[in-house]
Structure formats: structure tokens, C-alpha cells
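A.B. asks: Fold the following for me, if possible:
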Amino acid sequence: MGALRCAAVVTLAAVAAAAQVREQVTVELIEVPVYVIGPGGQPLRGLTKEAFELRVNRRLQAIEYFDAIDFSAPVPKTATERPRRERRLYLLLFDRANSMPGFLARAQRAAENAVANSSPETDLFAVATYTANNGVQFAAPFLSDRLAIRRAIQTLSMGQIGDPLGVAISPTERADLMAAAPEQKSDDKFNNPELEAMLHGGAAMQEMQAQQQKYAIEDLLGNFGDLARRLAGLEGQKHVLYFSTGFRSSMVHGGMSPVPSGAMGSGGIDARSSRILEEMFRQFRAAGVFLDAVDIAGLRPTAAKLDPYENDSLQLMAHGTGGEFVHNRADLGNALNELNSAQQVVYILAFRRGDRRDGSIDVRVNGVPRGTRLSFRQGFSAPTRGTNVDPLELADILTNDIPQSGFDLKVNTSATEVSVDVPREQIISLGGDNSVVEVLLYVFDAQGSVVLARGRKLRPDAPMAFRSSLDVPRGHYVAKAVARLAGTAALGYARKEFNVP
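C.D. replies: Presented below is the predicted three-dimensional model:
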């Protein structure tokens, strides 16, 4: 079955015979990915279109398109490669603002284990952190290179200096990571959140004043909404795997008492915070992204020591985006493996939408065992994207060799130099005489390590060529270049394999 892009636009031309007036009606097919997880935590396979009921704005809706993607199934022999929509993109997002160091280290070990047990053919991982001062910062874009992902998880920081896209892992780093086997520490022994909290002064000692804390929560929700917008242009089944102990959700929804009692955070729904939360949900729905929240505190034996509303906040965020909530687990490594397994099958439902208004979605499945649960986004919104292409998309193009048709690039190589030529005429026709083209050039060795990473901005009033000297040992290499025309969505990509004798 042919690939269908999320919210792909199909234009239907209706010609009025008498007036000879051409009327164009825009119809969108909105995709709804659905995970059907059986009572034992395994995905239910083999379901047909007839098993699903789709309701949009509470009304039964015809399913115009249906597909089932099994990520554990091999690529058919007739296919040259797996379609990009048949891949899983997991962003490993570590919350440094709301997590104690011991819990965060525990999450890093579990994430390393999950990546090691995943399939490079279907699963790409990115790594990022969240802090109150800097928001979401990427340590690595979506990669299939397990060693590069492992380095990013261990350091939670960017790699080589001068790497514009954060995809680089040097030959030295690769050798060191290959020599050092991943730590196989059991999480079962790390099961004392009360002691961890005490060593860091207790939860009460770390809390901000109520107003400051509310602003910090609003900033987090706003940053997450921006993150979803950044992921909108990527193709695949997208998940943010959010590692955190959570925040005080009572600051948003009023806790157990919906009636204000005067004190900040002691009751009452905060209208401003709720709007920011709902806007975050809307951005996740528009981008087709799930947020799977992982409570890295593990078992919470005494609610008095750790704020129960922190755990509730993670559940709130996961539920609002259609994601899974992993909590009360002593062994996070096994929990993440189970989550990966549960998400191995996704059913794609699509329906027509004729206007641009947001709406609600509900999905039911008939004939499944009692205890089966569903994960799906519970609404849809129009995606909001700027004219400039996000660096995450550029990194995806570069590392996964995604062809582009915006404008032509040409890569030239020799034993001592690599260069990129940009077509001046095409650039002027697309953006005018004052166009700015950002060119990114990378050279990879046979192991996939980056031996050269350069960036340059070019303009039509100067030579539109980018050259860099190359000093590498003999061997096989691949030169790749990706370029974007500022202020537009036009992209160019080229690659060339070469040998240095």
C-alpha cells in the first residue's frame, strides 16, 4: 500500500458547466496512529479495518484509509528500503529541572539499555535535556548510530565542536565507546527515593516559592509545545520519551480541590496555566507526536516524602497527548523494553477533513480481549510551521540520505579536498538576488564516524562554492552536503562516495 503523508492535501477540481468556473476544494486526510495493547502488555496483531470505530467530534466517521505497520516484520524482498513512515522516532528527553541526580543517572542507564535492545532498522533515537534556564537542548538529533546515541545519553551534551547538526562522533570517541562495554547495573538496588530526597535536602527544601514555581511550570509547558512544532516536519511514528519525577500539577489543575481557597497552589484551576497546557496538547496533536512519560522515581512507597502531584503531572501530560505513562517500576530498563514491545504494531486510520477547525477524536476496537487498552491522539489541529526548515530535519536528511528536489547540489571530492557547488540561477529564481544559502558539509569514514564537519553561508553575489581541505588516512569515505535557502522550504542534498588511496 502506498505511503500516505500525515495531513496530505488532495485538491479536487470541480468545473461548473454553465459558468465555466473552476472551483477548488481542499480535502485533508488526517492520520490517527492507534496502538492496541493486550492485557499482557503485548500488541494485538492482525486487526482489520472493520474492527475499528472512529468518531470525530463525537460523530461516527468513515475510515478513508487503513494500514497496519509491524515494526518487528522484515522489509519485503521486493522493497529496496523501508518507507520513512514505517520507522519510529524516539526523543529521549531528560528533565534536569525536575529530577534529582541519582534518579537521572538511573534513567540514563535504562535508556542505554533500551537503545541497545532496539532495532537499528526501524528505531531512531535523539537525545535532549530540559533545564529551566535553557529549555530543551539537543545532545543528538535522530540517529540510527547506536554508539553516537550512547555517547549522547552518557554525556547529555553535544559532541564535537564545530558540528552544526550534532551528528558527529569522532573516530577516537567511537573506538573508546566500542572498547568500553555498557554498564549492566540492575535498577532493583536503586529503590530508595526517600533516601535520595533526604540527601538533597528533602523535597520541601528544593521547592521554589509558589509564584515562581507556577511560572517555571508554564515555561516547561511552553517549551514542550515549541518542541512538538520542531518535530512536525519529521516523517515517522514520533514519540517523546520524557524522563522526569514530574512537577506540581496542582499548580495547573488545582489539585484535589477545584475551588480556589486563596493560597497559591492550594486549590482552584489556574486559567492561564490551563491554556498553556492545552496549547501544548494542541501542538503535540498537530505534529502527530506522542509523549510517553516515565516516572524515574520508580517505586514511591510513601506519598508524604515525594509530592504525589508530581507523579500526577506525568500522567496528565501523557494522557493529553495519547501517550503511555510508565510509573511505579523499580526496574526502568525492563519497563522501557516492555514499552518498546507494546509499540511494535501501530494501526493507521485516516479520515477526511474539509475545514481548518480543531476537533476531537475517539477510537474503539471491537472483538478484543477484556483489559485491552488503546493509545491514540484524542484530537487534531492544523500544524503550524515556519518558513525555515528546522535543523532536526536537516540532520534527518543528512544521516538518512533523504533525496530533495528544492534545488541541485553537487559534491566534488579528491584525496585532499572536498567541495560543494550551488546553482546560482536556481537560487536566484527561488529567492532573488539577495538570497542566503546555508550549506552544511560532512565527510564520514567507513565506520560512520565524522572526519569533517563544516558550515558556510553563500550568496549569489559571490562564488557559490564551498571548499574545504581534507587530511584523512587512506580508506573509503562518504561526503554529504545539505543546504537550505533562508526564508523558504527549499532544500538541496547530495552525496558522493570516494576512496583516498
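A.B. asks: Now stretch 489-498: buried residues?
C.D. replies: In terms of neighbour count (16 or more other CB atoms under 10 Å), stretch 489-498 has its buried residues at 490, 491, 492, 493, 494, 495, 496, 498. Every residue, glycine included, has its C-beta placed from N, CA and C.
A.B. asks: actually stretch 390-407, not the one I wrote
C.D. replies: 390-399, 404, 406-407.
A.B. asks: Check for me that residue 137 belongs to a strand.
C.D. replies: Yes. Judged by DSSP: H, G, I helix; E, B strand; the rest coil, residue 137 forms part of a strand.
A.B. asks: list the contacts for it?
C.D. replies: Contacts for residue 137 were tallied using CB atoms under 8 Å, 6 or more residues apart in numbering; they are 128, 129, 130, 131.
A.B. asks: and it, how far is that from residue 443?
C.D. replies: 26 Å (CB to CB, to the nearest Å).
A.B. asks: So how do I select the buried members of the contacts of residue 137 in PyMOL?
C.D. replies: Selection of buried members from these for PyMOL, criterion 16+ other CB under 10 Å:
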select buried, resi 128+129+130
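A.B. asks: tell me the domain boundaries of the chain?
C.D. replies: Here the domain parsing of the chain from automatic domain parsing is 8-81+346-380, 86-342, 403-500.
A.B. asks: Kindly compare burial across those domains and name the winner.
C.D. replies: Highest mean neighbour count among those (mean count of other CB atoms under 10 Å): domain 86-342, with a mean of 19.
A.B. asks: any low-confidence regions in the stretch 301-450 of the chain?
C.D. replies: Low-confidence segments of the stretch 301-450 of the chain (pLDDT under 70): 301-311, 383-387.
A.B. asks: the helices in it, which residues?
C.D. replies: 308-321, 332-342, 391-400, 424-431 (DSSP state H, counting those that start in this stretch).
A.B. asks: So residue 63 is in contact with residue 50, correct?
C.D. replies: No. Taking contacts as CB atoms under 8 Å, residue 63 lies outside contact range of residue 50: 9.3 Å.
A.B. asks: quick one: residue 55 is in a strand?
C.D. replies: Yes. Applying three-state DSSP, one finds residue 55 inside a strand.
A.B. asks: Could you point out the longest helix of this structure?
C.D. replies: helix 210-231 (DSSP state H).
A.B. asks: Show me what the mean pLDDT comes to for the very next helix or strand once past that helix.
C.D. replies: Next along the chain after helix 210-231, taking DSSP states H and E as the criterion, comes strand 237-244. The average pLDDT within strand 237-244 is 97.
A.B. asks: Pull the distance from strand 237-244 to the chain's centre.
C.D. replies: Computed by CA atoms, centre = their mean, to the nearest Å, the chain-centroid distance of strand 237-244 equals 7 Å.
A.B. asks: Could you list which residues are in contact with residue 430?
C.D. replies: Per CB under 8 Å, 6+ apart, neighbours of residue 430: 406, 407, 485, 488, 490.
A.B. asks: Quick check: the farthest pair among the residues you listed?
C.D. replies: Distances among the contacts of residue 430 were taken as CB to CB; the most separated pair is 407 and 488, at 9.8 Å.
A.B. asks: Remind me what the helix or strand where residue 125 lies packs against, helices and strands.
C.D. replies: Taking DSSP H and E as the criterion, residue 125 maps to strand 123-131. Applying 3 or more CB pairs under 8 Å, 6 or more residues apart in numbering; DSSP states H and E, one finds that strand 123-131 contacts strand 88-95, strand 135-143, helix 146-155, helix 210-231.
A.B. asks: what does the first one rub up against?
C.D. replies: The reference is to strand 88-95. 71, 104, 107-108, 111, 115, 122-130, 136, 142, 153, 156, 227, 231, 234, 236-245, 343.
A.B. asks: ok, and what's touching stretch 488-501?
C.D. replies: 387, 389, 394, 397-398, 401-404, 406-415, 420, 422, 430-431, 470, 472-485.
A.B. asks: now the strands for the stretch 301-450 of the chain?
C.D. replies: Ranges of strands in the stretch 301-450 of the chain, per DSSP state E, counting those that start in this stretch, are 325-326, 345-353, 359-365, 373-376, 379-380, 410-413, 417-421, 437-445, 450-458.
A.B. asks: quick one: which of the contacts of residue 430 is nearest residue 212?
C.D. replies: Out of the contacts of residue 430, the member with the shortest distance to residue 212 (by CB to CB) is residue 488, at 41.0 Å.
A.B. asks: for that closest one, phi and psi?
C.D. replies: phi -140, psi 180 (degrees, to the nearest 10).
A.B. asks: Tell me how far it lies from residue 435.
C.D. replies: Taken as CB to CB, the span from residue 488 to residue 435 is 9 Å.
A.B. asks: repeat for residue 31
C.D. replies: For residue 31 relative to residue 435 (CB to CB), the value is 34 Å.
A.B. asks: Quick check: closest non-adjacent residue to residue 480.
C.D. replies: residue 495 (4.6 Å; CB to CB, 6 or more residues apart in numbering).
A.B. asks: Could you check how far the host helix or strand of the one you found is from the centre of its chain?
C.D. replies: Assigned by DSSP H and E, residue 495 belongs to strand 491-500. Remark: strand 491-500 is offset 27 Å from the chain centroid, using CA atoms, centre = their mean.
A.B. asks: Name every strand pairing with that strand and say which way it goes.
C.D. replies: strand 475-485 (antiparallel) (DSSP bridges).
A.B. asks: Identify the bridge partners of the spatially most central residue of the chain.
C.D. replies: The centre of the chain sits closest to residue 91, judged by CA atoms, centre = their mean, with a distance of 4.5 Å. Beta-bridge pairing of residue 91 under DSSP bridges involves residue 126, residue 240.
A.B. asks: what number of residues lie near the closest residue to residue 72 other than its chain neighbours?
C.D. replies: Spatial nearest neighbour of residue 72, chain neighbours left out: residue 344 (4.9 Å); criterion: CB to CB, 6+ apart. Residues lying near residue 344 (other CB atoms under 10 Å) number 18.
A.B. asks: what sits against residue 344?
C.D. replies: 43, 70, 71, 72.
A.B. asks: And the second one, how close does it get to residue 344?
C.D. replies: When you say that, I think you mean residue 70. 7 Å.
A.B. asks: how about the residue nearest to residue 128 when sequence neighbours are not counted, what does it touch?
C.D. replies: Once flanking residues are discounted, residue 128 sits nearest to residue 138: 4.6 Å by CB to CB, 6+ apart. The contact partners of residue 138, by CB under 8 Å, 6+ apart, come to 126, 127, 128, 158, 166, 392.
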